[in-house]
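Trainee: Give the three-dimensional model of this entry:
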Amino acid sequence: MVFEVGRICIKTAGRDAGLKCVIVDVLDNNFVLIDGQTRRRKCNTNHLEALSETIKLKKNAPRKDVVAEFKKLKIELKETKPKKAGVKPVRLKKKKVAVVKETTSAKTPEKKDSKLVEKKEVSKKPVKTTQKKK
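Mentor: Down below sits the predicted model:
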């Protein structure tokens, strides 16, 4: 059968396999634009099985026209709504932390095991240095 606008088909491959669709636009010899129980998308004609039924549709008909024609044929369509855009999370910058280790002096061997560890915040601002003028 010839793939023409308004021809009802069954999708044979992919995620929407087994669902009915209608051809909304013929793109070239191998590809058509489909809509119906499937998602509205470009589809290879090798993945479609044409039925003898046709409906009256204009080329590039909107979704609501396709839904109305499918209701006349008593074929139920699943209504989907686009997802609402969520709030984009704000990424907080981490502060750089420098770890400074202080070792005990070699003169006191009994305090060899006790080491002090301090954490100091490092600022990103440049440090002002004083230079001697000649």
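Trainee: Ranking helices and strands of the protein by mean pLDDT, which lands last?
Mentor: strand 116-121 (a mean of 54; mean pLDDT, DSSP states H and E).
Trainee: any idea whether V67 is helix, strand or coil?
Mentor: helix (DSSP: H, G, I helix; E, B strand; the rest coil).
Trainee: so who does it touch?
Mentor: When contacts are counted by CB atoms under 8 Å, 6 or more residues apart in numbering, V67 touches L77. C-beta: built from backbone N, CA, C; applies to glycine.
Trainee: Could you report the distance from it to N46?
Mentor: 27 Å (CB to CB, to the nearest Å).
Trainee: mind listing the helices for the protein?
Mentor: Assigned helices in the chain, in chain order: 63-72 (criterion: DSSP state H).
Trainee: In it, where is pLDDT below threshold?
Mentor: Residues of the chain meeting the criterion pLDDT under 70: 1, 80, 98, 100-134.
Trainee: same thing but at 80, please
Mentor: In the predicted model of the chain, residues 1, 78-83, 94-134 satisfy pLDDT under 80.
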